[in-house]
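In: got a sequence here, can you model it:
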Amino acid sequence: MSLIIPDEVLQAARMTEDEVKQELAILLFQREKITLGQAADLAGMSLLQFQMLLASRRIPLHYDVADFEQDLKTLRELNGIEGRQ
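Out: Numbering: from 1, shown residues only. Okay, here's the model as predicted:
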């Protein structure tokens, strides 16, 4: 699905398309509607860049047990891939 934001709205808000994407990503992340990784993707930023953006606005990361378990799973999968090379 694509979202089209008219140029008139961007001009009225005095924002670029990238800035709107970042603001939307921050809002959805803060409301816990999307994950940190999803928010970074939506904002068009690397995970580290998005974390730095959140930090610059003093927005805390919400990192729970489910996030930790997902990170462990990802690390195990990456370790398995690297071990095969």
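
In: ok, Arg57 to Leu36 distance?
Out: With the distance defined as C-beta to C-beta, to the nearest Å, Arg57 ends up 14 Å from Leu36. Yep, even glycine has a C-beta here, placed from its N, CA and C like the rest.

In: give me the more crowded residue out of those two.
Out: More crowded of Arg57 and Leu36, by other C-beta atoms under 10 Å: Leu36, with 17 against 9.

In: next, the contact list for Ile34, please.
Out: Counting by C-beta atoms under 8 Å, 6 or more residues apart in numbering, Ile34 touches 25, 28, 42.

In: which residue ranges form the helices in this structure?
Out: 7-13, 17-30, 36-43, 47-56, 65-84 (DSSP state H).

In: Met1: which of the ones you listed is closest?
Out: When these are compared by C-beta to C-beta, helix 36-43 sits nearest Met1, at 12.3 Å.
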